[in-house]
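Enquirer: Following is a predicted model, sequence given first.
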Amino acid sequence: MPEGVWLIGFIAIQRLAELVLARRNTQALLAHGGVEHGARHYPLIVALHAAWLIGMAILGWDHPIDRFWLAVVVALQFARIWVICSLGPRWTTRIIILPGAPPVQAGPYRFLRHPNYVVVSLEIAAIPLALGLTAFAAVFFVLNLLVLNVRIRAEDKALRATAVGTPKLANP
């Protein structure tokens with residue numbers, strides 16, 4: 001079986017498992033009074049990630065894996081786990097704010113404001129690069145940055161609006 005199949009299969013299974021965890025965490029956060037923000041751009045994020053995964057499956061399934069980029073991908077998986085564990089039950093693929101809960105300051109959040117987005121951005125480039133899909137990696141890296149521009153602004157606005165002593169958003 002070609003190497004590319006193994007890498008793409010692993011990433012697909014990982015992402016599906018994360019969606020299950022994200023759905024469970026989202027439901028729990030909402031049940032505890034969490035409020036979703038930026039929901040209008042969420043389908044764009046889903047479409048981007050689905051197109052990225054499907055594109056790699058079509059273009060890279062039969063490619064060998066570059067060992068250097070594989071090492072980068074493996075390191076990024078540890079960073080991904082660190083982010084998810086640091087957020088614990090607050091990790092989700094959506095922007096869910098628990099009113100009154102302070103922002104997470106543990107793990108990589110001590111050093112970066114949005115470490116999850118850094119990891120995801122690097123993965124979006126590194127995984128196709130491991131398959132030799134250089135142009136694909138560049139295109140999706142740029143597309144992801146464009147989507148993250150919207151996402152981060154929505155998340156920062158939601159965090160500012162729910163901070164202690166600030167007015168609530170009129171249209172979450």
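Expert: Happy to help now that I have it.
Enquirer: CA atoms for contacts and neighbours, from now on please.
Expert: Will do.
Enquirer: measure residue 18 to residue 129 for me?
Expert: Distance of residue 18 to residue 129, computed by C-alpha to C-alpha, to the nearest Å: 22 Å.
Enquirer: can you give me the helices in this structure?
Expert: Listed in chain order, the helices of the chain (DSSP state H) span 3-31, 42-60, 67-87, 115-130, 134-162.
Enquirer: Pick the most buried one from those.
Expert: helix 115-130 (a mean of 21; mean count of other C-alpha atoms under 10 Å).
Enquirer: between that helix and helix 3-31, how big is the angle?
Expert: Between helix 115-130 and helix 3-31, the angle comes out at 160 degrees (axes from the mean of the first three to the mean of the last three C-alpha atoms, to 10 degrees).
Enquirer: related to what we said a few turns ago, closest one to residue 97 among the helices of the chain?
Expert: Each of those has some distance to residue 97 by C-alpha to C-alpha; the shortest is helix 134-162, at 7.2 Å.
Enquirer: Could you list every helix and strand that that closest one packs against?
Expert: Here helix 134-162 touches strand 35-37, helix 42-60, strand 95-97, helix 115-130, going by 3 or more C-alpha pairs under 8 Å, 6 or more residues apart in numbering; DSSP states H and E.
Enquirer: Could you dump those into TSV and include distance to residue 106 and mean pLDDT?
Expert: Converted to TSV, the helices and strands packed on helix 134-162 look like this (distance: least, C-alpha to C-alpha, whole Å; pLDDT from 0 to 100):
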stretch	distance to residue 106	mean pLDDT
strand 35-37	22	95
helix 42-60	26	97
strand 95-97	17	95
helix 115-130	11	98
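Enquirer: Distance from stretch 65-81 to the middle of the chain?
Expert: 15 Å (C-alpha atoms, centre = their mean, to the nearest Å).
Enquirer: Next up, the contacts around the residue nearest the centre of the chain.
Expert: Centroid check for the chain by C-alpha atoms, centre = their mean gives residue 120 as the closest residue, at 4.9 Å. By C-alpha atoms under 8 Å, 6 or more residues apart in numbering, the contact list for residue 120 reads residue 80.
Enquirer: likewise the one 10 residues further on?
Expert: For residue 130, the contacting residues are 65-70, 73, by C-alpha under 8 Å, 6+ apart.
Enquirer: Now with 6 Å, please.
Expert: 65-66, 69-70 (C-alpha atoms under 6 Å, 6 or more residues apart in numbering).
Enquirer: Output the below-cut-off pLDDT ranges for this protein.
Expert: 163-172 (pLDDT under 70).
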